[in-house]
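Engineer: Quick check, what structure comes out for this input:
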Amino acid sequence: MTGAADPMMKSPAGTAFTPYSIVRNISDQPVSIALSLYWMEAGAAKAAQLQPLTIPPHRTRDLDAPSFLAMSGLKNFNGSVSLILDVKGDPRSLLMTGGSVDHKNTYLFEVMPTRIHEGIAKSISYWSIANGDDTMVTLWNSADEAQDFIFTLFFTGGHYDFPIHLGPRATNTFNVSEIVHNQVPDAEGNVIPASIHEGSARISGTFGTAQSILVSMEAGTYNVAKATCGTGCETCDGWVEGSEIDVSPLAMSVGGTDTVTFIVPFKDGTQRDYTSSTTWSTNDTSIATVKSAGVIKGVAVGTFTAKAEGPDLTPGYVCCSPTGGCCNPPSPPAGTGPGTVASLTCTSSVTRGGTATCTVTPSSVTVTAWQFKDGSGNTVTRTQDVGSLTWSGVMVASGTVSVTVSGLASPVPASITVNARTDFAFTAVSPSQASGNSITCYNGDVETLQSPPVNTSIVGASCADLIFSFVSAPAISDNGPNDGYQYLTSVSSTGGGQQTQFLYIVVTDLLSATTFYTAQCGTYSSSDSSGFIAGSQLKQNVFDHEEGSVLSHWTEYRNAQNNSSNNIGTVLEAKIGTPGTSQADYDDDLTNTGNAAINDILAAAAVEPCGGSPNDDSSQSCKYCGTINYSPYTSCGNSQPVAYCQ
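Structural biologist: Residues are numbered from 1 along each chain as shown. Alright, predicted model coming up:
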């Protein structure tokens, strides 16, 4: 406190306070200190950075708080300020004291120096408003962001929750008597009866005592009439009863990992997970090592002990009561737990429908159950195999195989990867030319070419005739991870007496020296852009359009077929029937999946190369080769046709 006493203290008129702060370096090395001052002005937090200082070994320094105030423009300031010492070095090198004394040396308010750090709820051991007493509480939010707190007053027969919001670096000072006398119900409807004059208090986050908070709290009970003041005993609140918290037992395979959480319970029944902020270790790194917080990795078969050492949850210092005796905050939480590394080896990789084998070592291990879980979430537990250290079974869907070993609280995991069978993929068939001017596709579509062609007709057509068949196995029955699953044993690109084919036709007028063919006199050139295409060029264009190796309906079919997401054999190979699926439903699913792939391929093959124009050569990046001379034919003279594309 500095300046005129706060009216809520009901001090005699004219009472004014001067702050003091004294530091002693008890170490053998100089200690450098950066100084900052924080205060509230017009409802907002203000700050000033002061000149840093160095204290030589075994020297005492009066920090001259009034001069700090003057340098910060606070010479005539009335209120509370926070002096922050940022120690460069070991903070235990310093002994510190501070407070405020009035100008008449009647009142002395001592302030216990507080270490600023994140912690949990903290308590004031005693407050009093009896016989002229009052308890003053000052809170300072040392964080860079706003925080919400609950200040709970405990008394015989109940409690009262007082919500407090503090902006960044903001301070709030209040008297307990104000809260009691206001008689405003809290969120639960509680008020403090007027007959209550003493109790204890706690500051916590809005989510309970286990929530981390960053706040400095100072409290003192004073009596203006008696000119007495004493600091309260501030301790970490709600710590678990007992000296040690057990971590859960661990079990993993050699080279595998297992995770464990470090849960700290509090007296009020709340719990908090401190796994990530805990220091982890093992007593034998040749058996198990710490991979990361809460994650232990098995190195060799054997047993070990995992140890968790939690963070410092103290309120920031050890305080002493002015009436004698110190109340010590609890030590950081710690716990140990047993761990075992067992070896479970499985066939690392099989193709779908293959057999995998798993073995547990050493032979002294007693297996209580085999439990399997695949990537689809199907779980099978084999309690009938108690005592057996090996298992073999058919694998269809990928997943993790785990085994529960006696004496261990969690299963030892191993994994089996199920790979697709690569010999199921279909290969695109080569194109075949059909005779005539009409073609009928397997799906019933009929394409007819008009002879001789007119400017509204097409001069070529093709069909990607796709067919498939398959053989599925009955449901697996081995009580393994894929018990009840169905899968394909073979798939073929033939079926129903038909086989996959790619047929195409070219209008017969381009296959010999017909009138239509000879009318394509090849007058188109770089100097005659309105000339006609050559008959030989038009014929080549149509062949390139339907079955050419650069850009054609056939290459579109081939590329779509070779895409693994469309390849009929590939997509069918991956389809499995889950437990409970009937044979008929599984076969229908396979049929629908194959037909969906066919439709995707047909859609891709139906895209017209070069926009479907036979004037453009798809083998030459769709270059234009001249117009087509339709009936009635335009005479070109006696020039020899020359194939040309620009």
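Engineer: What residues does the closest residue in space to residue 600 that isn't next to it in sequence make contact with?
Structural biologist: Nearest residue to residue 600, sequence neighbours excluded (C-beta to C-beta, 6 or more residues apart in numbering): residue 566, at 4.7 Å. In short, each C-beta sits where N, CA and C put it, glycine included. Contacts for residue 566 (C-beta atoms under 8 Å, 6 or more residues apart in numbering) come out as 560, 597, 600, 601, 604.
Engineer: make it 7 Å
Structural biologist: Residue 566 makes contacts with 560, 597, 600, 601, as judged by C-beta atoms under 7 Å, 6 or more residues apart in numbering.
Engineer: And those, which is closest to residue 341?
Structural biologist: Using C-beta to C-beta, the shortest approach to residue 341 within the contacts of residue 566 belongs to residue 597, at 46.8 Å.
Engineer: mind checking how far that closest one is from residue 564?
Structural biologist: Using C-beta to C-beta, to the nearest Å, residue 597 is found at 10 Å from residue 564.
Engineer: element containing the most centrally placed residue in the chain?
Structural biologist: Computing the C-alpha centroid of the chain and ranking residues by C-alpha atoms, centre = their mean puts residue 276 first, at 14.8 Å. Residue 276 belongs to no helix or strand when assigned by DSSP states H and E.
Engineer: Which residue comes closest to it once chain neighbours are left out?
Structural biologist: Excluding its sequence neighbours, the residue lying closest to residue 276 (C-beta to C-beta, 6+ apart) is residue 293, at 4.9 Å.
Engineer: just residue 471 next, same as before
Structural biologist: residue 490 (4.7 Å).
Engineer: Find me the pLDDT at that neighbour, would you?
Structural biologist: Note for residue 490: predicted pLDDT of 96.
Engineer: Assign a three-state SS to it, would you?
Structural biologist: With DSSP: H, G, I helix; E, B strand; the rest coil as the basis, residue 490 sits in strand.
Engineer: Might one say that it is in contact with residue 472?
Structural biologist: No: with contacts counted by C-beta atoms under 7 Å, residue 490 stays clear of residue 472, the gap being 9.1 Å.
Engineer: Give the pairing partners of the longest strand seen in the chain; include direction for each.
Structural biologist: Secondary structure of the chain read by DSSP state E shows that its longest strand is strand 334-346. With DSSP bridges as the test, strand 334-346 is paired with strand 250-253 (parallel), strand 302-309 (antiparallel), strand 355-361 (antiparallel).
Engineer: Show me what secondary structure element comes after the shortest one.
Structural biologist: Per DSSP H and E, strand 250-253 leads on to strand 257-259 as the next helix or strand towards the C-terminus.
Engineer: what residues go with each domain of this structure?
Structural biologist: According to automatic domain parsing, the chain comprises the domains 3-111, 122-236, 250-341, 347-419, 424-624.
Engineer: Any chance of CSV for the ones you listed, columns distance to residue 638?
Structural biologist: Shown next, in CSV, are these (distance: least, C-beta to C-beta, whole Å):
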stretch, distance to residue 638
domain 3-111, 101
domain 122-236, 93
domain 250-341, 86
domain 347-419, 68
domain 424-624, 9
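Engineer: Now do the SS call for residue 388.
Structural biologist: Residue 388 ends up coil, using three-state DSSP.
Engineer: end to end, how far does stretch 142-149 reach?
Structural biologist: Start-to-end span of stretch 142-149 (C-alpha to C-alpha, to the nearest Å) is 13 Å.
Engineer: element containing residue 99?
Structural biologist: For residue 99, the element it lies in under DSSP H and E is strand 94-102.
Engineer: model confidence over that strand, on average?
Structural biologist: Here strand 94-102 scores 90 as its mean pLDDT.
Engineer: So which bits of it are buried?
Structural biologist: The neighbour-count check on strand 94-102 (16 or more other C-beta atoms under 10 Å) flags 94, 96, 98, 99, 100, 101, 102 as buried.
Engineer: Remind me what that strand packs against, helices and strands.
Structural biologist: Under the contact definition 3 or more C-beta pairs under 7 Å, 6 or more residues apart in numbering; DSSP states H and E, strand 94-102 sits against strand 16-25, strand 108-111.
Engineer: which SSE is the residue nearest to residue 221 when sequence neighbours are not counted in?
Structural biologist: Distances taken as C-beta to C-beta, 6+ apart put residue 135 closest to residue 221, at 4.6 Å, once the chain neighbours are dropped. Here residue 135, judged by DSSP H and E, is contained in strand 133-141.
Engineer: Sheet partners, orientation included, of the helix or strand just after that strand?
Structural biologist: Going down the chain from strand 133-141, the next helix or strand is strand 147-155, by DSSP H and E. For strand 147-155, the pairing partners within the sheet under DSSP bridges are strand 158-166 (antiparallel), strand 198-205 (antiparallel).
Engineer: The ones you listed: lowest mean pLDDT?
Structural biologist: strand 198-205 has the lowest average pLDDT among the strands paired with strand 147-155, namely a mean of 92.
Engineer: Buried ones in it, by neighbour count?
Structural biologist: Across strand 198-205, burial judged by 16+ other C-beta under 10 Å covers 199, 200, 201, 202, 203, 204, 205.
Engineer: and which of those residues is nearest residue 39?
Structural biologist: Checking the buried residues of strand 198-205 against residue 39 with C-beta to C-beta, the nearest one is residue 203 at 20.6 Å.
Engineer: Report the beta-bridge partners for that closest one.
Structural biologist: Taking DSSP bridges as the rule, residue 203 bridges to residue 122, residue 151.
Engineer: Now that it has come up, it's in contact with residue 122, right?
Structural biologist: Yes: using C-beta under 7 Å, residue 203 and residue 122 qualify as a contacting pair, with a distance of 5.8 Å.
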